[in-house]
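In: Requesting a structural model of the entry that follows:
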Amino acid sequence: MNIEQISQRLQDLHTVLWYCSDMQKEGRIYVFRVGERILINQERAALFSQLSRYYGENRPEDVRTYELPTHIEAKVKFTLERIETTRWGTFQEIK
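Out: A predicted model of the protein is given here:
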């Protein structure tokens, strides 16, 4: 992934976590379970380590890689589509 792709992925993952938290605050059913949120944050951490490598802040052996399991990735994509369809939050500004 290049820097732009990493940045977009980080933005997408942040958005779905924010949406999930917002839904829970409103008393609606959760979007992601605790374990799924942990795995999303694992990918975010790996992406941040990759960005750090691009900026020369860490060594190649310190770069982490992690991708979500396919069933969670499908939920992320579905949630992003729902966010776009419903125009939830500041989605239009984020895009």
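
In: Quick one: low-confidence residue ranges for this structure.
Out: By pLDDT under 70, the low-scoring segments of the chain are 90-95.

In: Show the subsequent helix or strand relative to the longest helix anywhere in the chain.
Out: Among the segments of the chain that qualify as a helix by DSSP state H, the longest is helix 3-25. Using DSSP states H and E, the helix or strand that follows helix 3-25 towards the C-terminus is helix 34-54.

In: quick one, that next one and helix 3-25 angle?
Out: Counting by axes from the mean of the first three to the mean of the last three CA atoms, to 10 degrees, helix 34-54 lies at 150 degrees to helix 3-25.

In: Please put the alpha-carbon coordinates of helix 34-54 into CSV.
Out: Extracted C-alpha coordinates of helix 34-54, given in CSV (Å, rounded to 0.1, in the frame of the first residue of the first chain):
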residue,chain,number,x,y,z
VAL,A,34,-15.5,-5.9,21.5
GLY,A,35,-13.2,-8.6,20.0
GLU,A,36,-14.0,-7.3,16.5
ARG,A,37,-13.1,-3.7,17.6
ILE,A,38,-9.8,-5.0,19.0
LEU,A,39,-9.0,-6.6,15.6
ILE,A,40,-9.9,-3.4,13.8
ASN,A,41,-7.5,-1.5,16.1
GLN,A,42,-4.8,-4.2,15.4
GLU,A,43,-5.0,-3.4,11.7
ARG,A,44,-4.9,0.4,12.5
ALA,A,45,-1.8,-0.1,14.6
ALA,A,46,-0.1,-2.1,11.7
LEU,A,47,-1.0,0.7,9.3
PHE,A,48,0.4,3.3,11.6
SER,A,49,3.7,1.3,11.8
GLN,A,50,3.8,1.2,8.0
LEU,A,51,3.3,5.0,7.8
SER,A,52,6.1,5.4,10.3
ARG,A,53,8.4,3.4,8.1
TYR,A,54,7.5,5.6,5.1
